[in-house]
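Chemist: Got a predicted model here, sequence first, then my questions.
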Amino acid sequence: MWRELLPVGRYGATGGYRRHAWNGADAECRAWFEEQARSRGLAYEVDRNGNQWAWWGDPGAGDAVVTGSHLDSVPDGGAYDGPLGVVSSFAAVDALRGRGARPVRPLAVVNFGDEEGARFGVACTGSRLTTGVLAPERARALTDADGVRLADAMERAGHDPAALGRDGDRLARIGAFVELHVEQGRALGDHPVGVASAIWPHGRWRFDFHGEANHAGTTRPEDRRDPMAAYAGAVLAAREHTRGGGALATFGRVAVEPNGTNAIASLVRGWLDSRAADEPALEDAVAAVRRAAEEHAAREGVRVEVARESYTPVVSFDVPLRDRLAAAVRAATGREVPVLPTGAGHDAGILSAAVPTAMLFVRNPTGVSHSPAESAEESDCLAGAAALADVLEELACR
């Protein structure tokens, strides 16, 4: 399975992946998922929000145990973030069948759509729509860098955007959701598998710096209204205000108009990603960056507007479910299991407001993620799949 997925959406110049929602690579990934489901005799379906499901047992029976992750990527992302969870889920089903285990409640593998938000700007779109956190009318109106609406992209891919919306019936039939994911950091140390305790609160804010386009070679410094200078000040302020504190703030994406080498920009649009150990710390970090942006904008004679595009409060995973995961892994390995928080967002975090959720992490030796350098040892991946199989057997087969 892993070898089949590796070339899909890989960009040769960087070695990274460009599996963005509703593009050609995404379609190939979705076709792969359907093939994996049907080859195992699992009941395959696509829900109203474009998420894919593969069911072992009666989908309508209720109290289902669901596992899975996502197959899309950030721009030039790594191979493991998302796909490791989906591949491991199918591998866990195979392992259970190999043991002769049979689920006493439905067991499903899911591929949530557009988890990274790389194309349309909102992370966890599929799970946010399912839980009602993202309004369908807002989702349909989202646009990519080329001005293509999400609704139009979905329609071209054969999915009806009019059907988008909260899927309360489906949520009511889920008894537990377990997501396996590659670790995004190096906290596991010498442990191949760990368990998540919580997800830091996090969000995305768009900063629009409005200036005045002019000639780069003839406009005196004192006559400039340069939004790039104001934006640069905000970027450095984000780094300084969060250095050594309990928060992170990162400007990782920027769009410039008119984007000419010999022209002063008229508009610089930057996206801030900020995360913190608690919500007050996150609010303080964003407020500090916003104040700095306004100060630099005033100094440069430009105007800045700030809009929050997405926000996820702190997520504490279901404690009984988390403890069951830890006990199952401990029984299989004979070792204590690290239980640790993460600053990365996941579909499990979105679903946690509606159903009991928990997460397993597979060790990442470098700690690098959202990069072609993202990696995991095969032995750790196998240990993760085996741990997931043990967990699913505990939850669904007993």
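Modeler: Received the coordinates, thanks. Numbers count the residues shown, from 1 in each chain.

Chemist: Please enumerate the helices of the stretch 151-300 of the chain.
Modeler: Using DSSP state H, counting those that start in this stretch, the helices of the stretch 151-300 of the chain run over 168-172, 227-241, 279-300.

Chemist: what pairs with the following helix or strand past the last one, and is each one parallel or antiparallel?
Modeler: It refers to helix 279-300. Heading C-terminal from helix 279-300, the first helix or strand you meet, by DSSP states H and E, is strand 303-312. Paired strands of strand 303-312, with direction, are strand 202-210 (antiparallel) (DSSP bridges).

Chemist: Counting neighbours, which bits of the strand it pairs with end up buried?
Modeler: By 16 or more other C-beta atoms under 10 Å, the buried positions in strand 202-210 come out as 202-210. Every C-beta, even on glycine, is put in place using the N, C-alpha and C of the backbone.

Chemist: How about stretch 81-97?
Modeler: Buried residues in stretch 81-97, counted by 16+ other C-beta under 10 Å: 81-93, 95-96.

Chemist: Which one of those residues is nearest to Gly270?
Modeler: Relative to Gly270, the closest of the buried residues of stretch 81-97 is Asp81; by C-beta to C-beta it sits at 23.3 Å.

Chemist: what phi and what psi does the backbone show at the closest one?
Modeler: Backbone geometry at Asp81, expressed as degrees, to the nearest 10, gives phi -60, psi 100.

Chemist: do the same with Val66
Modeler: Torsion angles at Val66 (phi, psi; degrees, to the nearest 10) stand at phi -120, psi 140.

Chemist: Across the sheet, point out what pairs with it.
Modeler: With DSSP bridges as the criterion, Val66 is bridged to Ala108, Phe177.

Chemist: Let me see the contact set for it.
Modeler: With contact taken as C-beta atoms under 8 Å, 6 or more residues apart in numbering, Val66 is in contact with 107-110, 174, 176-178.

Chemist: From Phe112, how far out is it?
Modeler: Distance from Val66 to Phe112, counting by C-beta to C-beta, to the nearest Å: 10 Å.

Chemist: Can you work out which residues contact both of these two?
Modeler: Common contacts of Val66 and Phe112 (C-beta under 8 Å, 6+ apart): none found.

Chemist: about what we covered before: can I get the helices of the stretch 151-300 of the chain in JSON lines including mean neighbour count and distance to Glu28?
Modeler: Listed next are these as JSON lines, based on neighbours: other C-beta atoms under 10 Å; distance: least, C-beta to C-beta, whole Å:
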{"stretch": "helix 168-172", "mean neighbour count": "13", "distance to Glu28": "26"}
{"stretch": "helix 227-241", "mean neighbour count": "21", "distance to Glu28": "36"}
{"stretch": "helix 279-300", "mean neighbour count": "18", "distance to Glu28": "37"}
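
Chemist: quick one: which of the ones you listed is nearest Glu257?
Modeler: Set against Glu257 and scored by C-beta to C-beta, those come closest in helix 227-241, at 9.2 Å.

Chemist: just checking, what packs against that closest one?
Modeler: strand 202-210, strand 247-257, strand 267-276, helix 279-300 (3 or more C-beta pairs under 8 Å, 6 or more residues apart in numbering; DSSP states H and E).

Chemist: could I get these as a markdown table with mean pLDDT and distance to Leu42?
Modeler: What follows is these, written out as a markdown table (pLDDT from 0 to 100; distance: least, C-beta to C-beta, whole Å):
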| stretch | mean pLDDT | distance to Leu42 |
| --- | --- | --- |
| strand 202-210 | 96 | 33 |
| strand 247-257 | 96 | 37 |
| strand 267-276 | 97 | 36 |
| helix 279-300 | 96 | 40 |
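
Chemist: Include distance to Gly345 when you put these into CSV, please.
Modeler: CSV is the format used below for those (distance: least, C-beta to C-beta, whole Å):
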stretch, distance to Gly345
strand 202-210, 6
strand 247-257, 12
strand 267-276, 8
helix 279-300, 13
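
Chemist: what's the closest of these to Ala348?
Modeler: Minimum separation from Ala348 across these (C-beta to C-beta) falls at strand 202-210, 13.8 Å.

Chemist: Dump the closest one to CSV, restricted to CA.
Modeler: The C-alpha coordinates for strand 202-210 follow below in CSV (Å, rounded to 0.1, in the frame of the first residue of the first chain):
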residue,chain,number,x,y,z
HIS,A,202,-4.7,27.2,17.3
GLY,A,203,-5.9,29.3,14.4
ARG,A,204,-5.2,31.2,11.2
TRP,A,205,-5.4,35.0,10.7
ARG,A,206,-5.1,36.9,7.5
PHE,A,207,-3.3,40.3,7.6
ASP,A,208,-3.9,42.6,4.6
PHE,A,209,-1.5,45.5,4.3
HIS,A,210,-2.8,48.1,1.8
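
Chemist: Which pLDDT value goes with Arg156?
Modeler: Arg156 carries a pLDDT value of 97.
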